[in-house]
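*Asks:* This is a predicted model, with the sequence first.
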Amino acid sequence: MGAQVMMRRKFAAVGAASLIAFFVSAGGVLAAPAELTIGVLPELTGPLSENGPAFEKASRLAVDVANQAAKSAGIPTTVKIAVADPQGDPQAALSAARTVVDKGASCILGPSTTPESIAILNGLTLQRKMTMWPTASSMRLRTVKDDGTIFRTVPPDSLQTKALMAALTPALGGVAGKTLSIAYRNEPYGEGLARSVSQAWQAAGGKVQGPIGFDPQQASFDSEAGQLVVGSPDTYLVVDYPETYAKFGAALVRTGKFDPKKLFLPDAMSMATVPANIPPASLEGARGVVAGAPRGSDAFKAFSKMWTGQGGAENAAFTANAFDTGIMCFLASVAADSAEPAAIRDKVRSITTEGAPKFTFENLADAIKAVQSGQKIDYVGASGEIRFAENGDLVVGLYDVFTFRDRQREVVGQVTAK
């Protein structure tokens, strides 16, 4: 009798296991990794520290939304965050990346500069097949082998060049015959963007003064500032970071010939509030471009409301992009039923498939159920639709055109670059 009971229990266990397997394969039971850790590298110190707190806040909001959606969808996944400061330095960035990986990170959000990103790629993420989502926009990142691990929800500088041209052209009433004077910090971001805009400006019939390179570590920028304004050019472009521009901007004001209303700036200078150490006369009325979002969309409105409700850091550059990156790391992990970095990498494109059913973070629980039933989906972010080229860059970039008034950044328009 005891043997018969044991046999019945054995068959019952086998039957239950088969039934569970059937439901999982049919989408009846949601399988998912028990835990996912997202590594975040906000620039809390260093030349881009103005935007670091907002980047971290956006990442934490993504984790909160992911956990709420996981609970609503009935899956056991808990999403955590591991944070370390890359400090704007390649070696410090690699150390920060190792810190978050040691804490279990399966993907990395950030860093913000190209040298940092390359150091992390070569020293850590390439070997681990781990996705890295830098806000560094330089095309220098596309000259290195990354084995499909680098994705950017921030448009690359090939698109930023087109956005700057689209903003500059109407402001000047055309390009032909107009002189653009360019100064840039001598590193991949500055050099690449200055060269690209210079070529585009000349191709449109304009004249270029410079470009004038400068070492961001030098003590004085008076010589370079004087070269920028000589001959009273029609407009200026200064490719810099906020920390350095505090000195460069002061040097421009000292020339006595500088008009900030003629100044255009790249995305790295899109600060929510101008720091006190930057002279107002160096930025008041200046304009620039930065990755934007479709402000009329329900997803962006919901993101903005959530952001304001949380308090804390002001909404600065790349916040919607950083938020979307966190959501996408989570969705790719769920689609892979794994927290393994390589498995996540291989599922990124399946959650941004053009023509597939669309989902936003507002119905993320439904997106979870869809990907776990084996469907491809099209995650539409707070930053808009996300279309990756073969190299992992966006094929279309939506940019805000901003200006500075009374030390505050104001969005005055939008342009699309593709």
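*Replies:* Okay, I see it. Numbering: from 1, shown residues only.
*Asks:* buried residues in stretch 103-110?
*Replies:* Buried residues in stretch 103-110, counted by 16 or more other CB atoms under 10 Å: Ala105, Ser106, Cys107, Ile108, Leu109, Gly110. C-betas here are computed from N, CA, C, even on glycine.
*Asks:* closest to Ala342 among those?
*Replies:* Ser106 (9.7 Å; CB to CB).
*Asks:* Just read off the phi/psi values of that closest one.
*Replies:* With angles defined as degrees, to the nearest 10, Ser106 sits at phi -110, psi -10.
*Asks:* do the same with Asn315
*Replies:* Torsion angles, degrees, to the nearest 10, at Asn315: phi -80, psi 100.
*Asks:* Check Gln408 too.
*Replies:* According to degrees, to the nearest 10, Gln408 has phi -110, psi 140.
*Asks:* And the one 5 residues further on, by the same measure?
*Replies:* Main-chain torsions, Gly413, degrees, to the nearest 10: phi 170, psi -180.
*Asks:* hang on, the earlier thing: so of the buried residues of stretch 103-110, which ones are in strands?
*Replies:* Ala105, Ser106, Cys107, Ile108, Leu109 (DSSP state E).
*Asks:* Farthest pair within those residues?
*Replies:* Ser106 and Leu109 (11.4 Å).
*Asks:* shared neighbours of the two, anything?
*Replies:* Common neighbours of Ser106 and Leu109 (criterion: CB atoms under 8 Å, 6 or more residues apart in numbering): Ile38, Gly39, Cys329.
*Asks:* hang on, the earlier thing: turn the buried residues of stretch 103-110 into JSON lines, columns for pLDDT and distance to Ala367.
*Replies:* Converted to JSON lines, those look like this (pLDDT from 0 to 100; distance: CB to CB, whole Å):
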{"residue": "Ala105", "pLDDT": "98", "distance to Ala367": "22"}
{"residue": "Ser106", "pLDDT": "98", "distance to Ala367": "19"}
{"residue": "Cys107", "pLDDT": "98", "distance to Ala367": "17"}
{"residue": "Ile108", "pLDDT": "98", "distance to Ala367": "22"}
{"residue": "Leu109", "pLDDT": "98", "distance to Ala367": "19"}
{"residue": "Gly110", "pLDDT": "98", "distance to Ala367": "24"}
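*Asks:* which two in those are spaced the farthest apart?
*Replies:* Ser106 and Gly110 (14.7 Å).
*Asks:* Verify the stated contact: Pro216 with Glu187.
*Replies:* Yes - taking contacts as CB atoms under 8 Å, Pro216 lies within contact range of Glu187: 7.2 Å.
*Asks:* so what pLDDT did Asn315 get?
*Replies:* pLDDT for Asn315: 88.
*Asks:* List the residues that contact it.
*Replies:* Ala54, Ala272, Ser304, Trp307, Thr308.
*Asks:* Then Gly231?
*Replies:* Thr179, Ser181, Gln209.
*Asks:* 10 Å - rerun?
*Replies:* Taking CB atoms under 10 Å, 6 or more residues apart in numbering, we find Gly231 in contact with Thr179, Ser181, Gln209, Lys257.
*Asks:* what helix or strand does it sit in?
*Replies:* For Gly231, there is no enclosing helix or strand under DSSP states H and E.
*Asks:* Which neighbours do Pro216 and Glu187 have in common?
*Replies:* With CB under 10 Å, 6+ apart, Pro216 and Glu187 have common neighbours Pro47, Tyr241.
*Asks:* Roughly how far does the nearest residue to Ala84 once chain neighbours are set aside sit from Pro33?
*Replies:* Leaving aside its chain neighbours, Ala84 sits nearest to Ala96 (3.6 Å; criterion: CB to CB, 6 or more residues apart in numbering). According to CB to CB, to the nearest Å, Ala96 stands 24 Å off from Pro33.
*Asks:* Between the two, which is the more surrounded one?
*Replies:* Ala96 (27 against 21; other CB atoms under 10 Å).
*Asks:* tell me the mean pLDDT for the helix or strand where the more buried one lies?
*Replies:* Assigned by DSSP H and E, Ala96 falls within helix 90-102. Helix 90-102 shows a mean pLDDT of 98.
*Asks:* Next: stretch 357-367.
*Replies:* Per-residue scores along stretch 357-367 average to 98.
*Asks:* What residues sit buried inside that stretch?
*Replies:* Phe359, Thr360, Phe361, Glu362, Leu364, Ala365, Ala367.
*Asks:* how about those, which pair is most distant?
*Replies:* Thr360 and Ala365, at 11.5 Å, using CB to CB across those.
*Asks:* Where does pLDDT dip in the chain?
*Replies:* Across the chain, the ranges flagged by pLDDT under 70 are 1-31.
*Asks:* Show me it divided up by domain.
*Replies:* Domain assignment for the chain by automatic domain parsing gives 33-154+318-381, 158-293+398-417.
*Asks:* Looks like Val40 contacts Ala82 (just checking).
*Replies:* Yes - the pair Val40 / Ala82 is scored as a contact, 7.0 Å apart, by CB atoms under 10 Å.
*Asks:* More neighbours: these two, which one.
*Replies:* When neighbours are counted by other CB under 10 Å, Val40 comes out ahead of the other of Val40 and Ala82, with 29 against 18.
*Asks:* Quick check: beta-bridge partners of the more buried one?
*Replies:* Beta bridges link Val40 to Val83, Leu109, judged by DSSP bridges.
*Asks:* Now do the contacts for it.
*Replies:* Counted by CB under 10 Å, 6+ apart, Val40 has contacts 55-56, 58-60, 62-63, 81-85, 96, 100, 105, 107-111, 133, 322, 325-326.
*Asks:* so what's Val238 bridging to?
*Replies:* Ala183.
*Asks:* give me every residue that touches it.
*Replies:* Val238 neighbours (CB under 10 Å, 6+ apart): 181-185, 190, 194, 212, 214, 224-225, 228, 244-245, 248-249, 252, 263-266, 269, 282, 286, 288.
*Asks:* Give me the buried entries from those residues.
*Replies:* Counted by 16+ other CB under 10 Å, the contacts of Val238 give 181-185, 190, 194, 212, 214, 224-225, 228, 244-245, 248-249, 252, 263-266, 269, 282, 286, 288 as buried.
*Asks:* Return the subset of those residues lying in helices.
*Replies:* Counting by DSSP state H, the part of these found in helices is Gly190, Ala194, Glu224, Ala225, Leu228, Thr244, Tyr245, Phe248, Gly249, Leu252.
*Asks:* so which two of those residues are the farthest from each other?
*Replies:* Farthest apart among those by CB to CB are Ala194 and Gly249. That separation is 17.3 Å.
*Asks:* I'm done for today, thanks for sticking with me.
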